[in-house]
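> Only the shape, not the letters, is given here:
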(Lines give C-alpha, C1' and ligand atoms only; values in the text may rest on other atoms or scores of the structure.)
Protein backbone atom coordinates (compact mmCIF):
# COMPACT_ATOMS: atom_id res chain seq x y z
CA UNK A 1 0.00 0.00 0.00
CA UNK A 2 2.94 2.37 0.52
CA UNK A 3 3.03 3.72 -3.08
CA UNK A 4 -0.64 4.70 -2.74
CA UNK A 5 -0.11 6.41 0.61
CA UNK A 6 3.04 8.15 -0.58
CA UNK A 7 1.96 9.38 -4.01
CA UNK A 8 -1.75 10.19 -3.61
CA UNK A 9 -2.43 13.92 -3.87
CA UNK A 10 -5.68 13.74 -1.90
CA UNK A 11 -7.23 11.43 0.66
CA UNK A 12 -10.72 11.66 2.18
CA UNK A 13 -10.14 12.12 5.91
CA UNK A 14 -13.07 11.45 8.27
CA UNK A 15 -13.17 12.43 11.94
CA UNK A 16 -16.06 12.39 14.41
CA UNK A 17 -18.04 15.19 16.05
CA UNK A 18 -18.97 15.10 19.74
CA UNK A 19 -22.27 13.50 18.69
CA UNK A 20 -20.46 10.78 16.74
CA UNK A 21 -21.25 12.10 13.26
CA UNK A 22 -18.48 11.81 10.63
CA UNK A 23 -17.12 14.90 8.91
CA UNK A 24 -15.20 14.09 5.72
CA UNK A 25 -12.67 16.41 4.08
CA UNK A 26 -10.15 15.93 1.26
CA UNK A 27 -6.59 16.50 2.52
CA UNK A 28 -3.09 15.76 1.27
CA UNK A 29 -1.53 12.61 2.79
CA UNK A 30 2.11 12.00 3.68
CA UNK A 31 3.82 8.86 4.95
CA UNK A 32 5.06 9.47 8.49
CA UNK A 33 8.71 10.18 9.07
CA UNK A 34 9.12 6.82 10.84
CA UNK A 35 6.95 5.15 8.12
CA UNK A 36 4.62 3.81 10.82
CA UNK A 37 1.85 6.40 10.33
CA UNK A 38 -0.09 8.13 7.56
CA UNK A 39 -0.13 11.85 8.24
CA UNK A 40 -2.43 14.70 7.22
CA UNK A 41 -2.44 18.30 8.37
CA UNK A 42 -4.71 21.24 8.95
CA UNK A 43 -4.04 24.92 9.49
CA UNK A 44 -3.47 26.26 12.99
CA UNK A 45 -5.98 28.94 12.02
CA UNK A 46 -8.72 26.37 11.25
CA UNK A 47 -8.07 23.54 13.74
CA UNK A 48 -11.49 21.82 13.87
CA UNK A 49 -10.35 18.68 12.01
CA UNK A 50 -7.50 18.19 14.46
CA UNK A 51 -9.53 19.04 17.55
CA UNK A 52 -12.15 16.44 16.64
CA UNK A 53 -9.37 13.84 16.42
CA UNK A 54 -7.82 14.99 19.70
CA UNK A 55 -11.19 14.49 21.39
CA UNK A 56 -11.92 11.16 19.64
CA UNK A 57 -8.89 9.57 17.93
CA UNK A 58 -10.93 7.14 15.80
CA UNK A 59 -10.56 8.29 12.19
CA UNK A 60 -10.44 6.84 8.70
CA UNK A 61 -8.64 7.65 5.44
CA UNK A 62 -10.07 6.72 2.04
CA UNK A 63 -7.66 6.62 -0.90
CA UNK A 64 -9.98 6.58 -3.92
CA UNK A 65 -8.72 9.46 -6.08
CA UNK A 66 -5.72 8.51 -8.28
CA UNK A 67 -5.58 11.87 -10.12
CA UNK A 68 -2.07 13.26 -9.99
CA UNK A 69 -0.52 10.22 -8.32
CA UNK A 70 1.13 8.88 -11.47
CA UNK A 71 0.06 5.37 -10.49
CA UNK A 72 -1.53 3.12 -13.10
CA UNK A 73 -4.83 1.64 -11.83
CA UNK A 74 -4.03 1.84 -8.11
CA UNK A 75 -6.34 0.07 -5.66
CA UNK A 76 -8.96 1.81 -3.57
CA UNK A 77 -7.70 1.69 0.01
CA UNK A 78 -9.59 2.36 3.25
CA UNK A 79 -7.54 2.82 6.43
CA UNK A 80 -9.01 2.99 9.92
CA UNK A 81 -6.66 4.24 12.57
CA UNK A 82 -5.96 6.12 15.77
CA UNK A 83 -5.01 9.77 15.44
CA UNK A 84 -2.28 11.62 17.30
CA UNK A 85 -2.46 15.42 17.11
CA UNK A 86 0.80 17.36 17.09
CA UNK A 87 0.85 21.10 17.81
CA UNK A 88 3.41 21.37 20.62
CA UNK A 89 5.95 22.89 18.18
CA UNK A 90 4.18 24.88 15.45
CA UNK A 91 7.45 26.10 13.94
CA UNK A 92 8.69 22.52 13.41
CA UNK A 93 5.27 21.56 12.01
CA UNK A 94 5.41 24.50 9.61
CA UNK A 95 8.94 23.64 8.48
CA UNK A 96 7.89 20.07 7.73
CA UNK A 97 4.77 21.12 5.83
CA UNK A 98 6.65 23.68 3.73
CA UNK A 99 9.28 21.09 2.80
CA UNK A 100 6.87 18.26 2.00
CA UNK A 101 4.20 20.28 0.20
CA UNK A 102 6.75 21.94 -2.09
CA UNK A 103 8.11 18.49 -2.92
CA UNK A 104 4.73 16.85 -3.51
CA UNK A 105 2.90 19.67 -5.29
CA UNK A 106 5.55 21.82 -6.99
CA UNK A 107 3.15 23.13 -9.66
CA UNK A 108 1.01 24.77 -6.96
CA UNK A 109 3.93 27.06 -6.06
CA UNK A 110 5.72 27.32 -9.40
CA UNK A 111 6.46 30.89 -10.39
CA UNK A 112 5.43 32.35 -7.02
CA UNK A 113 7.97 34.88 -5.68
CA UNK A 114 9.73 33.71 -2.53
CA UNK A 115 8.69 36.85 -0.65
CA UNK A 116 5.05 36.00 -1.40
CA UNK A 117 5.44 32.41 -0.17
CA UNK A 118 7.10 33.64 3.03
CA UNK A 119 4.07 35.87 3.66
CA UNK A 120 1.63 32.93 3.66
CA UNK A 121 2.03 32.18 7.37
CA UNK A 122 -1.70 31.72 7.95
CA UNK A 123 -1.67 28.85 5.43
CA UNK A 124 1.68 27.18 6.12
CA UNK A 125 1.34 27.22 9.95
CA UNK A 126 0.25 23.65 10.63
CA UNK A 127 -1.07 21.06 13.03
CA UNK A 128 -0.21 17.47 12.09
CA UNK A 129 -2.54 14.50 12.53
CA UNK A 130 -0.54 11.25 12.59
CA UNK A 131 -2.74 8.19 11.95
CA UNK A 132 -1.58 4.82 13.27
CA UNK A 133 -3.36 2.21 11.09
CA UNK A 134 -5.41 -0.41 12.92
CA UNK A 135 -7.30 -1.93 9.98
CA UNK A 136 -7.01 -1.72 6.19
CA UNK A 137 -9.26 -2.82 3.31
CA UNK A 138 -8.33 -2.64 -0.39
CA UNK A 139 -10.25 -3.28 -3.63
CA UNK A 140 -9.02 -3.40 -7.25
CA UNK A 141 -11.42 -0.63 -8.33
CA UNK A 142 -14.08 1.83 -7.17
CA UNK A 143 -16.83 -0.60 -8.14
CA UNK A 144 -15.92 -2.73 -5.11
CA UNK A 145 -17.08 -5.70 -7.16
CA UNK A 146 -14.65 -8.08 -5.49
CA UNK A 147 -14.13 -9.06 -1.88
CA UNK A 148 -11.52 -6.73 -0.38
CA UNK A 149 -8.12 -7.71 0.84
CA UNK A 150 -7.79 -6.99 4.55
CA UNK A 151 -5.10 -6.36 7.14
CA UNK A 152 -5.49 -5.85 10.88
CA UNK A 153 -2.93 -4.55 13.35
CA UNK A 154 -2.20 -6.62 16.47
CA UNK A 155 -4.77 -6.03 19.19
CA UNK A 156 -2.03 -4.57 21.37
CA UNK A 157 -1.48 -1.70 18.89
CA UNK A 158 -1.74 1.74 20.47
CA UNK A 159 -1.07 5.25 19.17
CA UNK A 160 1.06 7.83 20.97
CA UNK A 161 -0.98 10.36 22.95
CA UNK A 162 -1.83 13.67 21.37
CA UNK A 163 -0.20 16.87 22.53
CA UNK A 164 -2.28 18.55 25.27
CA UNK A 165 -5.13 20.70 24.01
CA UNK A 166 -4.45 24.45 24.31
CA UNK A 167 -6.43 26.44 26.88
CA UNK A 168 -9.29 28.68 25.88
CA UNK A 169 -12.03 28.41 23.32
CA UNK A 170 -11.55 26.88 19.89
CA UNK A 171 -12.17 29.48 17.15
CA UNK A 172 -15.50 29.45 15.39
CA UNK A 173 -15.76 28.28 11.77
CA UNK A 174 -14.12 30.93 9.63
CA UNK A 175 -16.21 30.51 6.49
CA UNK A 176 -19.98 30.66 6.31
CA UNK A 177 -21.72 27.80 4.49
CA UNK A 178 -24.06 28.54 1.58
CA UNK A 179 -27.51 29.55 2.71
CA UNK A 180 -29.32 27.11 0.41
CA UNK A 181 -27.61 23.77 -0.23
CA UNK A 182 -30.30 22.73 -2.74
CA UNK A 183 -29.10 25.24 -5.31
CA UNK A 184 -25.61 23.69 -5.10
CA UNK A 185 -26.50 20.03 -5.54
CA UNK A 186 -27.27 19.88 -9.27
CA UNK A 187 -24.20 21.78 -10.50
CA UNK A 188 -21.99 20.00 -7.95
CA UNK A 189 -23.14 16.54 -9.07
CA UNK A 190 -22.57 17.41 -12.72
CA UNK A 191 -19.17 19.07 -12.26
CA UNK A 192 -17.30 17.06 -9.61
CA UNK A 193 -16.61 13.42 -10.44
CA UNK A 194 -14.94 12.38 -7.17
CA UNK A 195 -17.73 11.42 -4.73
CA UNK A 196 -17.38 9.56 -1.43
CA UNK A 197 -19.60 8.55 1.48
CA UNK A 198 -18.59 8.31 5.15
CA UNK A 199 -20.67 6.91 8.00
CA UNK A 200 -20.22 5.74 11.59
CA UNK A 201 -19.42 2.04 11.78
CA UNK A 202 -20.70 -0.35 14.43
CA UNK A 203 -17.32 -0.39 16.19
CA UNK A 204 -17.26 3.39 16.70
CA UNK A 205 -14.83 4.08 13.85
CA UNK A 206 -15.88 5.98 10.72
CA UNK A 207 -16.04 4.06 7.43
CA UNK A 208 -15.85 5.48 3.92
CA UNK A 209 -16.31 4.21 0.35
CA UNK A 210 -16.49 5.69 -3.17
CA UNK A 211 -19.89 6.64 -4.58
CA UNK A 212 -20.49 5.29 -8.08
CA UNK A 213 -23.50 7.42 -9.01
CA UNK A 214 -25.59 10.21 -7.45
CA UNK A 215 -29.13 11.38 -8.18
CA UNK A 216 -30.99 14.13 -6.39
CA UNK A 217 -34.38 13.04 -5.02
CA UNK A 218 -36.03 16.00 -3.30
CA UNK A 219 -34.02 16.78 -0.18
CA UNK A 220 -32.10 13.51 -0.47
CA UNK A 221 -29.37 12.05 -2.64
CA UNK A 222 -29.73 8.53 -4.01
CA UNK A 223 -26.30 6.92 -3.88
CA UNK A 224 -25.14 3.90 -5.84
CA UNK A 225 -22.39 1.98 -4.05
CA UNK A 226 -20.35 -1.14 -4.70
CA UNK A 227 -21.46 -4.53 -3.40
CA UNK A 228 -18.55 -5.51 -1.18
CA UNK A 229 -18.73 -2.84 1.50
CA UNK A 230 -16.80 -2.87 4.80
CA UNK A 231 -20.07 -2.33 6.70
CA UNK A 232 -23.70 -1.29 6.28
CA UNK A 233 -24.14 2.45 5.63
CA UNK A 234 -26.73 3.77 8.08
CA UNK A 235 -27.07 6.61 10.53
CA UNK A 236 -25.03 9.83 10.69
CA UNK A 237 -23.09 10.34 7.47
CA UNK A 238 -21.31 12.76 5.15
CA UNK A 239 -20.91 12.96 1.38
CA UNK A 240 -18.02 14.81 -0.22
CA UNK A 241 -17.71 15.98 -3.85
CA UNK A 242 -14.18 16.82 -4.91
CA UNK A 243 -11.95 17.49 -7.92
CA UNK A 244 -8.48 18.77 -8.70
CA UNK A 245 -6.31 18.87 -11.85
CA UNK A 246 -3.55 16.34 -12.59
CA UNK A 247 -0.95 18.96 -11.66
CA UNK A 248 -2.31 20.29 -8.41
CA UNK A 249 -2.88 24.00 -8.91
CA UNK A 250 -6.34 24.26 -7.37
CA UNK A 251 -9.26 22.25 -6.07
CA UNK A 252 -12.98 22.32 -5.45
CA UNK A 253 -14.71 20.41 -2.68
CA UNK A 254 -18.10 20.42 -0.99
CA UNK A 255 -19.12 18.37 2.05
CA UNK A 256 -22.76 17.62 2.82
CA UNK A 257 -23.73 16.19 6.22
CA UNK A 258 -26.87 14.29 7.18
CA UNK A 259 -27.84 10.64 7.52
CA UNK A 260 -27.87 7.58 5.25
CA UNK A 261 -30.34 4.69 4.98
CA UNK A 262 -30.90 1.69 2.73
CA UNK A 263 -32.96 2.16 -0.43
CA UNK A 264 -32.85 -1.23 -2.11
CA UNK A 265 -30.05 -3.43 -3.37
CA UNK A 266 -26.74 -1.47 -3.54
CA UNK A 267 -28.71 1.79 -3.34
CA UNK A 268 -28.87 4.19 -0.39
CA UNK A 269 -30.62 7.46 0.41
CA UNK A 270 -28.58 10.23 1.96
CA UNK A 271 -30.85 12.77 3.68
CA UNK A 272 -29.08 16.12 3.53
CA UNK A 273 -29.20 18.36 6.60
CA UNK A 274 -26.68 21.03 5.62
CA UNK A 275 -23.54 21.79 3.64
CA UNK A 276 -20.30 22.94 5.26
CA UNK A 277 -18.24 25.95 4.30
CA UNK A 278 -15.42 24.98 1.94
CA UNK A 279 -11.89 26.08 1.04
CA UNK A 280 -12.18 25.62 -2.74
CA UNK A 281 -9.66 27.15 -5.15
CA UNK A 282 -11.57 26.91 -8.42
CA UNK A 283 -11.14 28.65 -11.77
CA UNK A 284 -7.97 29.48 -13.71
CA UNK A 285 -4.62 30.10 -12.03
CA UNK A 286 -5.18 33.83 -11.59
CA UNK A 287 -8.70 33.46 -10.23
CA UNK A 288 -7.76 30.71 -7.79
CA UNK A 289 -4.69 32.63 -6.57
CA UNK A 290 -6.71 35.78 -5.91
CA UNK A 291 -9.34 33.73 -4.07
CA UNK A 292 -6.64 32.02 -2.00
CA UNK A 293 -5.04 35.30 -0.95
CA UNK A 294 -8.44 36.78 -0.11
CA UNK A 295 -9.19 33.82 2.15
CA UNK A 296 -5.81 34.16 3.88
CA UNK A 297 -6.51 37.79 4.72
CA UNK A 298 -9.49 36.57 6.72
CA UNK A 299 -7.38 33.96 8.50
CA UNK A 300 -4.29 36.04 9.28
CA UNK A 301 -5.66 37.70 12.46
CA UNK A 302 -6.29 34.22 13.89
CA UNK A 303 -2.67 33.10 13.62
CA UNK A 304 -1.40 35.33 16.39
CA UNK A 305 -4.22 34.41 18.76
CA UNK A 306 -3.96 30.67 18.05
CA UNK A 307 -0.17 30.75 18.51
CA UNK A 308 -0.57 32.66 21.78
CA UNK A 309 -3.19 30.17 22.95
CA UNK A 310 -0.49 27.50 22.65
CA UNK A 311 2.16 29.67 24.30
CA UNK A 312 4.22 29.89 21.10
CA UNK A 313 5.46 32.53 18.72
CA UNK A 314 3.93 32.99 15.29
CA UNK A 315 5.95 30.64 13.06
CA UNK A 316 8.06 31.86 10.16
CA UNK A 317 7.87 30.37 6.66
CA UNK A 318 11.42 29.09 6.11
CA UNK A 319 11.76 28.03 2.48
CA UNK A 320 14.30 25.37 1.49
CA UNK A 321 17.28 26.56 -0.54
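Great, that's in hand. In this text, all values refer to a predicted model and were calculated from it rather than measured experimentally. Numbering: from 1, shown residues only.

> and residue 31, what does it touch?
The neighbours of residue 31, taking Cβ atoms under 8 Å, 6 or more residues apart in numbering as the test, are 2, 5, 6, 37, 38, 39. For glycine as for every other residue, the C-beta is placed from the backbone atoms N, C-alpha and C.

> May I ask which two of those residues are separated the most?
2 and 39 (13.4 Å; Cβ to Cβ).

> Just say helix, strand or coil for residue 15.
strand (DSSP: H, G, I helix; E, B strand; the rest coil).

> Tell me if I'm right that it and residue 53 touch.
Yes - the criterion here is Cβ atoms under 8 Å, and residue 15 meets it with residue 53 at 4.9 Å.

> joint contacts of those two?
Joint contacts of residue 15 and residue 53 (Cβ under 8 Å, 6+ apart) are 59, 83.

> Need the pLDDT of residue 91.
Predicted confidence (pLDDT) at residue 91: the value is 98.

> nearest residue to it other than its sequence neighbours?
residue 315 (4.3 Å; Cβ to Cβ, 6 or more residues apart in numbering).

> unless I'm mixing things up, the one you found is touching residue 125, no?
Yes - Residue 315 lies in contact with residue 125 (Cβ under 8 Å); the separation is 5.0 Å.

> Mind listing the shared neighbours of these two?
Joint contacts of residue 315 and residue 125 (Cβ under 8 Å, 6+ apart) are 90, 93, 94, 307.

> Can you say which of the contacts of residue 31 are buried?
Restricting the contacts of residue 31 to buried positions leaves 5, 37, 38, 39, with burial counted as 16 or more other Cβ atoms under 10 Å.

> Quickly run through the sheet partners of the strand or helix carrying the last one, with directions.
Mapping residue 39 onto the secondary structure by DSSP states H and E places it in strand 38-43. Looking at strand 38-43 with DSSP bridges, its paired strands and their directions are strand 30-31 (antiparallel), strand 126-139 (antiparallel).

> So which of these is the most surrounded?
When those are scored by mean count of other Cβ atoms under 10 Å, the highest mean neighbour count falls to strand 126-139 (a mean of 22).

> Neighbouring strands of the helix or strand following that strand in the sheet, and parallel or not?
Per DSSP H and E, the first helix or strand lying C-terminal to strand 126-139 is strand 149-152. Strand pairing for strand 149-152, using DSSP bridges, gives strand 126-139 (antiparallel).

> Give the partner strands of the strand or helix carrying residue 259 in its sheet and their orientations.
Secondary structure from DSSP H and E places residue 259 in strand 252-262. In the sheet, strand 252-262 lines up against strand 235-243 (antiparallel), strand 267-275 (antiparallel) (DSSP bridges).
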